[in-house]
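Peer 1: this one's sequence-less:
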């Protein structure tokens, strides 16, 4: 009698603990593939690149230690300084143009009867690859091409401009091309942000007579701060990596006038076989990217940590 | 006010659609009737002939088969590997799980530039350079961190009692993963798959660095090749190629818009 009474609690405790014990013992087996793949193909190369960035290395002989020489070259070699300036232009361009346009489209379409449809033209280019964007805009920006003909048709100046033929104009035009691609994504993110704003205070503000720009300035904009941080963080990270569009449209040229650091890294390494220089550029880009990522990762990881 | 809004949106929208219009119209022109001075006017329709030309001239056929393989196999592998990691961390309560998670997710933080050169050297030395297996491996590795991130969050939302009941029923840990947790995660798995497949399809840099032959090289590097080889003479062909490689991702995107916006908020791309 006593044994049958005592049994159930024991059994319950055993079954609620067993999964944890066997689970914890077997757990590394399930986690290992992911950790191994990431370690082998992402972290190991990362460490090698870091080491090589402090050496002279052509990919054949062994790397020869050269301290900060590659980093100094980045800030003294005129081509690389040019690439640095262009990359800066990209960062500034991408945190302003596509972000502002994305915000505009989000605010105008949010709550609009046909909002989803009116947003579609801006979203369409996002699904297109960087390479295809480059092909399309390379075509649009041909000398006396589509843009020139349109300007001519409306009697505007600049119809015969060689858009991609000199810096920094070529970089600016490519920023326009990527704005075309990226504005819709930002709009989508801002719409997600707008959806998370509680409706009642907003209704109250409207009843109080707030509308148009004042409604936006005092009631929407302050609440959009978290998502704005994410959008700007993503824009910075994305702009630092700019490669595809430039590779397709100008290959960094004419000369090196439109080169970005991401492109210089590729050229130094795979065209000029200066692996050390390429690695130094890569590490520099990574550090800046990392700093920018902290902006929005803190927000993201904070969110997921609360859940887990 | 609402009318002003609509007007602004319509004008902006038309400007946004103009490049798409130019792409479609000029990709459709027969090569002989293409005139650089009248790109805004439609002239004839031989889109499918141009698709065919792009297909054969850039060996887009071969490369399309390879790219389709990469964009299906790599994301599937990544989704499974990432889900297993999420299962280990959340459900099996892996010791120091958060550290494991940070380690795996940390793989996405640095730009591709950081790993290109070692991958190139490593691939050249190990015989993986210019092989389909090599491309699948690298695309899988790149996709794992994001997949683990989403799956960890997803499994966190599933009640503990599900696991306890499954163990009482006598299921092994692998079987519980395969026949209970994976099926429950269908929507999350699909979202990751779609986002990663798009990433792989649109990749230029890894393909450019780790492959060279027509049968291995992914579609985006192949398209840049077409552009530099046939740029001036056969623009409609190049544009048709650009349109052709964009169609799958555009269709996928329109069909699965909400997955994309969710993925974006998670910081992918």
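Peer 2: Nice, I can see it. Since this is a predicted model, take the numbers as computed values, not measurements. Numbering: from 1, shown residues only, chains lettered A, B, ... in the order given.
Peer 1: quick one: residues contacting residue A:114.
Peer 2: residue B:6 (CB atoms under 8 Å, 6 or more residues apart in numbering or on different chains). Every C-beta, even on glycine, is put in place using the N, C-alpha and C of the backbone.
Peer 1: recalculate using a threshold of 10 Å.
Peer 2: Residues near residue A:114 by CB atoms under 10 Å, 6 or more residues apart in numbering or on different chains: A:120, B:6, B:9, B:10.
Peer 1: equivalent analysis for residue B:186, please.
Peer 2: Contacts of residue B:186 by CB under 10 Å, 6+ apart: none found.
Peer 1: measure it to chain A for me?
Peer 2: According to CB to the nearest CB, to the nearest Å, residue B:186 stands 19 Å off from chain A.
Peer 1: same question for residue B:107.
Peer 2: 4 Å.
Peer 1: for chain A, what are the low-confidence residue spans?
Peer 2: In the predicted model of chain A, residues A:1-23, A:297, A:299-308 satisfy pLDDT under 70.
Peer 1: ok, the helix or strand harbouring residue A:85 near chain B or not?
Peer 2: Using DSSP states H and E, residue A:85 maps to helix A:78-109. Yes: contact of helix A:78-109 with chain B (CB under 10 Å from any CB of the partner chain) involves A:101, A:104, A:105, A:107, A:108, A:109.
Peer 1: could you find the closest non-adjacent residue to residue A:42?
Peer 2: residue B:107 (4.1 Å; CB to CB, 6 or more residues apart in numbering or on different chains).
Peer 1: my read: that neighbour touches residue A:41, true?
Peer 2: Yes: in this structure, residue B:107 is within contact of residue A:41 by CB atoms under 10 Å, at 8.4 Å.
Peer 1: buried subset of the residues of helix A:78-109 next to chain B?
Peer 2: Buried members of these, scored by 16 or more other CB atoms under 10 Å in any protein chain shown, are A:101, A:104, A:105, A:107, A:108, A:109.
Peer 1: so what's the residue count around residue 45?
Peer 2: All of this refers to chain A. 22 (other CB atoms under 10 Å in any protein chain shown).
Peer 1: not what I meant, chain B
Peer 2: 12.
Peer 1: over to residue A:209?
Peer 2: Neighbours around residue A:209, by other CB under 10 Å: 8.
Peer 1: the most centrally placed residue in chain A: what's it in contact with?
Peer 2: Against the mean C-alpha coordinate of chain A, by CA atoms, centre = their mean, the closest residue is residue A:238 at 2.5 Å. With contacts defined as CB under 10 Å, 6+ apart, residue A:238 is in contact with A:90, A:91, A:94, A:95, A:98, A:178, A:182, A:185, A:289, A:292, B:111, B:269.
Peer 1: what is the nearest of the residues you listed to residue A:247?
Peer 2: residue A:178 (12.7 Å; CB to CB).
Peer 1: so what's the nearest residue to that closest one once chain neighbours are set aside up against?
Peer 2: Excluding the flanking residues, the one nearest residue A:178 by CB to CB, 6+ apart is residue A:245, at 5.7 Å. Counting by CB under 10 Å, 6+ apart, residue A:245 makes contact with A:90, A:129-135, A:137-138, A:174-175, A:177-178, A:181, A:260, B:204.
Peer 1: and with 6 Å instead?
Peer 2: A:130, A:133, A:134, A:174, A:177, A:178 (CB atoms under 6 Å, 6 or more residues apart in numbering or on different chains).
Peer 1: show me where the stretch 51-200 of chain A has strands.
Peer 2: A:55-56, A:64-65 (DSSP state E, counting those that start in this stretch).
Peer 1: buried deepest among those, which one?
Peer 2: strand A:55-56 (a mean of 17; mean count of other CB atoms under 10 Å in any protein chain shown).
Peer 1: helices or strands up against that one?
Peer 2: The contact analysis (3 or more CB pairs under 6 Å, 6 or more residues apart in numbering or on different chains; DSSP states H and E) places strand A:55-56 against strand A:64-65.
Peer 1: neighbouring strands - and their directions - for the strand it packs on?
Peer 2: strand A:55-56 (antiparallel) (DSSP bridges).
Peer 1: ok, residues contacting the strand it pairs with?
Peer 2: A:63, A:64, A:65, A:66, A:276.
Peer 1: and with 10 Å instead?
Peer 2: By CB under 10 Å, 6+ apart, strand A:55-56 touches A:62-67, A:69-70, A:274-277, A:279-280.
Peer 1: closest one of those to residue B:129?
Peer 2: Closest to residue B:129, out of all of these and judged by CB to CB, is residue A:275, at 15.9 Å.
Peer 1: next, work out how far apart the closest residue to the closest one other than its chain neighbours and residue A:80 are.
Peer 2: Nearest non-adjacent residue to residue A:275, counting by CB to CB, 6+ apart: residue A:57, 4.3 Å away. Counting by CB to CB, to the nearest Å, the separation of residue A:57 from residue A:80 is 17 Å.
Peer 1: and those two? which has more neighbours close in?
Peer 2: Legend: neighbour count by other CB under 10 Å for residue A:57 and residue A:80, higher for residue A:57 (26 against 22).
Peer 1: please tell me I have it right and that one contacts residue B:117.
Peer 2: Yes: contact criterion CB under 10 Å: residue A:57 and residue B:117 qualify, at 9.2 Å.
Peer 1: so what sits against both of the two?
Peer 2: Going by CB under 10 Å, 6+ apart, residues that sit against residue A:57 and also against residue B:117 are A:269, A:275, A:276, A:278, A:279.
Peer 1: quick one on the thing from earlier: pop out the phi and psi values for the residue nearest to residue A:275.
Peer 2: phi -150, psi 130 (degrees, to the nearest 10).
Peer 1: low-confidence stretches in chain B?
Peer 2: B:1, B:58, B:230-233, B:258-269.
Peer 1: hey, where'd the helices end up in it?
Peer 2: B:2-27, B:47-57, B:60-86, B:97-105, B:113-126, B:132-156, B:160-168, B:173-176, B:182-184, B:186-202, B:205-210, B:219-230, B:235-255, B:257-265 (DSSP state H).
Peer 1: what's the first one packed up against?
Peer 2: Using 3 or more CB pairs under 10 Å, 6 or more residues apart in numbering or on different chains; DSSP states H and E as the contact criterion, the neighbours of helix B:2-27 among helices and strands are helix A:78-109, helix A:115-123, helix A:130-140, helix A:146-153, helix A:169-195, helix B:47-57, helix B:235-255.
Peer 1: list the helices and strands the last one packs on?
Peer 2: Counting by 3+ CB pairs under 10 Å, 6+ apart, the packing neighbours recorded for helix B:235-255 are helix A:115-123, helix A:130-140, helix B:2-27, helix B:47-57, helix B:60-86, helix B:186-202, helix B:219-230, helix B:257-265.
Peer 1: distance of the residue nearest to the centre of chain A from residue B:137?
Peer 2: In terms of CB to CB, residue A:238 sits 25 Å off from residue B:137.
Peer 1: likewise residue A:185?
Peer 2: Distance from residue A:185 to residue B:137, by CB to CB: 29 Å.
Peer 1: which of these two has more neighbours?
Peer 2: residue A:185 (24 against 20).
Peer 1: these two touch, right, that one and residue A:124?
Peer 2: No: taking contacts as CB under 10 Å, residue A:185 lies outside contact range of residue A:124: 11.3 Å.
Peer 1: on that earlier part again, can you tell me the helix or strand for the residue nearest to the centre of chain A?
Peer 2: helix A:225-240.
Peer 1: show me how far that helix is from its chain's centre.
Peer 2: Relative to the centre of its chain, helix A:225-240 is centred 7 Å away, using CA atoms, centre = their mean, to the nearest Å.
Peer 1: list the buried ones in it?
Peer 2: Applying 16+ other CB under 10 Å to helix A:225-240 flags A:227-228, A:230-240 as buried.
Peer 1: would you turn those residues into TSV with distance to residue B:178?
Peer 2: What follows is the buried residues of helix A:225-240, written out as TSV (distance: CB to CB, whole Å):
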residue	distance to residue B:178
A:227	37
A:228	42
A:230	35
A:231	39
A:232	41
A:233	37
A:234	35
A:235	40
A:236	41
A:237	36
A:238	37
A:239	42
A:240	40
